[in-house]
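Asker: Below are the sequence and a predicted model; questions follow.
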Amino acid sequence: MIFLLIAFLFPLNSYYCIRQINIYNRCPFPVWPGIVGPGNPAGGGFRLDNEQDRKISVEDSWQGIIWGRTFCDSHCQRAGGCISDINEVCPERMRITNGRRRENGNVVGCRSPCDALRSDRECCRGAFSTPDTCFRSHVAQTFKDACPTAFSFQFDDATSSFACQNDAEYLVQFC
């Protein structure tokens, strides 16, 4: 009788479904999947060695981002990874250096076009806030040329992000 009452009050299949996402590393090196979305699945990420996998569970309506990071340490403080060194192609006005003046220091990072230029066009906001009005800028294209599968601006979905169909389980595979 108690089971029937619980099943009536909480019909799990009708209102609350769980999606399983299996993340699998086929790369010959470790990958640290990064995960961002409601509920902070798997604490935001973890390490997967070659041929390892891990399943995470998210709500049916979960919308988030999963991406691969390489060359992390145990805390992923060196998150990211790319065949190219973005710092080598970073425009002067966007460079982050370790010196007092940009021209005297080594480039240690590169600001995003939105952060550096703070324009509505670069930030895809205001009149440029839709996929029909916001396009990859010359600067974002420079990054895209260096790392073709990297996400280089807000609507860079065609080559860098993927939406899943309405299946119950997903496989995210690296390499």
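Answerer: Received it, and whenever you're ready, just let me know what you need.

Asker: For the spatially most central residue of the chain, give me its contacts.
Answerer: The geometric centre of the chain, computed from its C-alpha atoms, lies nearest to W67 (C-alpha atoms, centre = their mean), at 4.4 Å. When contacts are counted by C-beta atoms under 8 Å, 6 or more residues apart in numbering, W67 is found next to P33, G34, F151. Every residue, glycine included, has its C-beta placed from N, CA and C.

Asker: Before we move on, what's the pLDDT of it?
Answerer: Model confidence at W67, expressed as pLDDT, equals 80.

Asker: host element of it?
Answerer: Using DSSP states H and E, W67 maps to strand 65-69.

Asker: ok, and what's touching stretch 50-60?
Answerer: Contacts to stretch 50-60, defined as C-beta under 8 Å, 6+ apart, come from residues 16-30, 35, 37-39, 41-42, 46, 48, 64.

Asker: Counting neighbours, which of the contacts of W67 comes out on top?
Answerer: For the contacts of W67, neighbours were counted using other C-beta atoms under 10 Å, and P33 has the most, 23 neighbours in all.

Asker: one step back: return the distance of the residue nearest to the centre of the chain relative to S137.
Answerer: 22 Å (C-beta to C-beta, to the nearest Å).

Asker: Also I65?
Answerer: According to C-beta to C-beta, I65 and S137 sit 22 Å apart.

Asker: Of the two, give the one with the bigger neighbour count.
Answerer: Between I65 and S137, counted using other C-beta under 10 Å, S137 has the larger neighbour count: 18 against 10.

Asker: and E88, how many neighbours?
Answerer: One way to gauge burial is a neighbour count; for E88, by other C-beta under 10 Å, it gives 9.

Asker: host element of it?
Answerer: When the helices and strands are read off by DSSP H and E, the one containing E88 is helix 86-89.
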